[in-house]
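Engineer: Coordinates only, no sequence provided:
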């Protein structure tokens, strides 16, 4: 899910202290910035991201990494994504398929409730990924 990847990108490249621009996120993830803006806004409205305006603006985590569960991210993203009303109907759909998808959704939510952004950051470190370090600003006159 794109929302989890976006949140991991913000955690990896910014966190709570530094902001990450939407353009940088889009570039790193190979996504169109315009298409990503509604997701970023939904994550902000859900309290998972904070939007910062200004020249050094962008997005930063709304809570600490250990306090953001993957299930929180999925819930916010799915609530903002409207399901088409013209999906399949009928007895087989309601009696069988809908129940299977409901069970699968519950299993996924339970699993995602046990994972946080902190867990994903540990997995990134175990995979050899290193967070970028901030370069000091130096002025030469």
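Structural biologist: Perfect, I can see it now. This one's a predicted model, so the numbers in the text were calculated from it and none came from an experiment. Numbers count the residues shown, from 1 in each chain.

Engineer: who's in contact with the residue lying closest to residue 57 once chain neighbours are set aside?
Structural biologist: Nearest residue to residue 57 in three dimensions, chain neighbours excluded: residue 19, at 6.1 Å (Cβ to Cβ, 6 or more residues apart in numbering). For the C-beta atoms, the positions are set from N, CA and C on the backbone; glycine is no exception. Shown in contact with residue 19 (Cβ atoms under 8 Å, 6 or more residues apart in numbering): 52, 56, 57, 58, 59, 60.

Engineer: repeat that for 6 Å
Structural biologist: Shown in contact with residue 19 (Cβ atoms under 6 Å, 6 or more residues apart in numbering): 52, 58, 60.

Engineer: With distance to residue 1 added, can I get those in TSV?
Structural biologist: What follows is the contacts of residue 19, written out as TSV (distance: Cβ to Cβ, whole Å):
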residue	distance to residue 1
52	24
58	21
60	21
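
Engineer: May I see those arranged in a markdown table, with neighbour count, secondary structure and pLDDT as well?
Structural biologist: Shown next, in a markdown table, are these (neighbours: other Cβ atoms under 10 Å; DSSP: H, G, I helix; E, B strand; the rest coil; pLDDT from 0 to 100):
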| residue | neighbour count | secondary structure | pLDDT |
| --- | --- | --- | --- |
| 52 | 15 | strand | 94 |
| 58 | 22 | strand | 94 |
| 60 | 18 | strand | 96 |
